[in-house]
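In: Attaching a predicted model along with its sequence, questions to come.
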Amino acid sequence: MALQISNELLQRIQAHGKAAYPEEGAGLMLGNTQAEDKTVQRLLEFSNAREQSARHNRYLLTAEDVLHGEMEAARLGMDVIGVFHSHPDHPNRPSEFDREWAMPFLSYVITSVHSGKAVESRSWLLSEDRSSFSEEILIVLETI
């Protein structure tokens, strides 16, 4: 299982995390799945809808954000294949909160942003029984 993404789109994810700092930034990844591999083709960036006091370590995509993502994906002949978000001044590993709110089959790209600089992005998959995440291979391509 692997998630393929262009360098340009990964840089946009990291820029979104930097712009949101010191809060978490988030959005949806649109693309296609072939066999067990996913390819990111579009990003939808959203404002963090979590209450102001919790945005430093929590993000919220609203039902309207998700509906917009589903409709845009359908319009483009794609699927919502994942969620991206940033972890300000924390490692790019899923938190317990991330696990509680995640859905199996979606990829979760987490970017660690330290002191306003995007450090590294990693991708994660939630197990079908929702008990834990496993790291997904992240393949960064020059173009897709």
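Out: Arrived safely.
In: Next, the contact list for the residue nearest the centre of the chain, please.
Out: By C-alpha atoms, centre = their mean, the chain has its centre lying nearest to Phe84, at 1.2 Å. If a contact means C-beta atoms under 8 Å, 6 or more residues apart in numbering, then Phe84 has Ile13, His16, Ala26, Gly27, Leu28, Met29, Leu43, Tyr108, Val109, Ile110, Thr111, Ser121 as its contacts. Placement of C-beta: from N, CA and C, glycine included.
In: just Asn32 next, same as before
Out: Counting by C-beta under 8 Å, 6+ apart, Asn32 makes contact with Lys38, Thr39, Gln41, Met78, Asp79, Ile81.
In: Report the separation between His16 and Asn92.
Out: His16 is 14 Å from Asn92, where distance means C-beta to C-beta, to the nearest Å.
In: likewise Leu61?
Out: 18 Å.
In: Now do the helix or strand containing Phe84: distance to the chain's middle.
Out: If you go by DSSP states H and E, Phe84 is part of strand 79-88. Computed by C-alpha atoms, centre = their mean, to the nearest Å, the chain-centroid distance of strand 79-88 equals 1 Å.
In: Now do the helix or strand just after that strand, average pLDDT.
Out: Scanning forward in sequence from strand 79-88, with DSSP H and E defining helices and strands, the next element found is helix 96-101. Regarding helix 96-101, the rounded mean pLDDT is 95.
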